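In: mind folding the following:
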Amino acid sequence: MDKIKKRDMKLSDYNISRAKYNELKYFCMQYAEKKRELQKGYGLNAIVNDGMPKGNMSGNPVEKAAIHNTMLRADIELIEQTAIEADSEIYPWILKNVTGGLPYEYMDVPINRTDFYCIRKYFFYLLSLKR
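Out: Residues are numbered from 1 along each chain as shown. Coordinates of the predicted model:
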């Protein structure tokens with residue numbers, strides 16, 4: 001998280017406000033956290049059964065977990081599909097940049113810096129349309 005630059009990107013060409021850009025940027029930065037939480041959300045949850053009835057759980061916890069996992073999966077797929085839609089050839093580098101804050105200079109991207117950041121801007125434009 002320390003690698004992410006603090007200066008804002010100018011997206012006025014795409015009619016994206018600074019507040020909207022920040023919302024999208026921090027949404028993308030939650031990508032790794034959402035993937036970990038989704039992995040953790042599968043499997044058996046430890047339930048201590050001591051034979052005493054418990055009445056403090058309202059609803060169905062399995063259903064809640066399934067809905068939560070579906071929402072996480074939808075967010076992850078939204079970010080991945082938008083990166084592919086922005087540019088199908090360099091989407092892995094776009095994902096590394098927008099989700100982990102890895103700058104262009106630390107990646108071996110097969111295109112030049114200017115084109116990379118133009119595609120990154122286009123990614124945020126597409127994401128703003130979908131979100």
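
In: tell me which helix or strand comes right after the lengthiest helix in the chain.
Out: If you go by DSSP state H, the chain has its longest helix at helix 61-86. Using DSSP states H and E, the next helix or strand after helix 61-86 towards the C-terminus is helix 91-100.

In: now the longest helix of the chain: average pLDDT?
Out: Mean pLDDT, helix 61-86: 92.

In: for that helix, buried residues please.
Out: The neighbour-count check on helix 61-86 (16 or more other CB atoms under 10 Å) flags 69, 72, 75-76, 78-80, 82-83, 86 as buried. C-beta coordinates here come from the backbone N, C-alpha and C atoms, glycine included.

In: adding distance to Ala32, write those out as TSV.
Out: Shown next, in TSV, are these (distance: CB to CB, whole Å):
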residue	distance to Ala32
Asn69	16
Leu72	12
Asp75	12
Ile76	10
Leu78	15
Ile79	11
Glu80	12
Thr82	16
Ala83	14
Ala86	19
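
In: and of the residues you listed, the nearest to Pro92?
Out: Ranked by distance to Pro92 (CB to CB), the buried residues of helix 61-86 are led by Ala83 at 8.1 Å.

In: right, and the closest one touches Phe123 too?
Out: Yes. Ala83 sits in contact with Phe123 when judged by CB atoms under 8 Å, with a separation of 6.0 Å.

In: who touches both of those two?
Out: Shared between the contact lists of Ala83 and Phe123 (criterion: CB atoms under 8 Å, 6 or more residues apart in numbering) are residues 94, 98.

In: many thanks, we can stop here.
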